[in-house]
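Participant: here are the coordinates; sequence isn't available:
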């Protein structure tokens, strides 16, 4: 099992009140699964994404990632997991505006101290995997929204992570471009990547094999789909 959470809680103290963002979530994700986490604003889906991505820690419960108990890891070990095990794709792209697309893709490898020649080759291969080889020396301002998101996907893939974690990946894109990005996720899943997409949109969630519906910090229900939607 790639991901296993048991009785996962996240509680925030707001003055004299407690806000329970997650209330005892049990979730298993297998390697090479394509999962969507869906729910309205305030449902807890972003909190769950932050815990899965090791961007935050639970108040209670356990999270096993690749047979490692995440709560046992120190800050350096958590940083290594975020850099090597999890590839993040955000709604807002989060690209350095003055750097080329290729340099943006190289960043996780720079942080991990990868040799320059190896780093450059792996970044080029990642750009090729998202069909942007001819745009790798362009800056983000010279790219379309869809191309910028492809750069973000390439950056997420460059360390060959265990999980590709996407938060509202089509939120800043028009419908046609959003379909292109979701088709790319389909391709990456077919190539063997584990893909988790967090969304509030049903038509985006339907690309996944399994949809987890979260409401009020709990998994309300889940549904399995026989094939991904590609239209």
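Facilitator: That came through fine. Please read all numbers here as calculations on a predicted model, not as lab measurements.
Participant: Give me the contact list for the helix or strand of the chain with the lowest mean pLDDT.
Facilitator: Within the chain, no helix or strand scores below helix 75-84, which has a mean of 91 by mean pLDDT, DSSP states H and E. Helix 75-84 has contacts (CB atoms under 8 Å, 6 or more residues apart in numbering) with 53-55, 65, 68, 70, 73, 88, 108, 111-112, 159, 161. For the C-beta atoms, the positions are set from N, CA and C on the backbone; glycine is no exception.
Participant: Repeat the analysis, applying 7 Å as the threshold.
Facilitator: 53-54, 65, 108, 111-112, 159, 161 (CB atoms under 7 Å, 6 or more residues apart in numbering).
Participant: Redo these as TSV? Include secondary structure, pLDDT and neighbour count.
Facilitator: What follows is the contacts of helix 75-84, written out as TSV (DSSP: H, G, I helix; E, B strand; the rest coil; pLDDT from 0 to 100; neighbours: other CB atoms under 10 Å):
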residue	secondary structure	pLDDT	neighbour count
53	coil	96	20
54	coil	95	20
65	strand	95	22
108	helix	94	24
111	helix	89	14
112	coil	87	14
159	coil	93	19
161	coil	93	20
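Participant: Tabulate those residues (TSV), appending distance to residue 216.
Facilitator: Output for these, formatted as TSV (distance: CB to CB, whole Å):
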residue	distance to residue 216
53	22
54	24
65	25
108	35
111	37
112	38
159	35
161	30
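Participant: Which members of these are the farthest-apart pair?
Facilitator: 65 and 111 (19.3 Å; CB to CB).
Participant: so where's this structure uncertain?
Facilitator: 227-231 (pLDDT under 70).
Participant: Do you have the strands of it handy? List them.
Facilitator: For the chain, the strands defined by DSSP state E occupy 3-14, 17-29, 34-38, 60-65, 68-69, 86-90, 163-167, 194-199, 210-215, 218-224.
Participant: In CSV, list these along with distance to residue 184.
Facilitator: Output for the strands of the chain, formatted as CSV (distance: least, CB to CB, whole Å):
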stretch, distance to residue 184
strand 3-14, 22
strand 17-29, 20
strand 34-38, 13
strand 60-65, 24
strand 68-69, 29
strand 86-90, 10
strand 163-167, 10
strand 194-199, 10
strand 210-215, 19
strand 218-224, 23
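Participant: looking at those strands, which is closest to residue 120?
Facilitator: Proximity to residue 120 (CB to CB) singles out strand 86-90 among the strands of the chain, at 18.6 Å.
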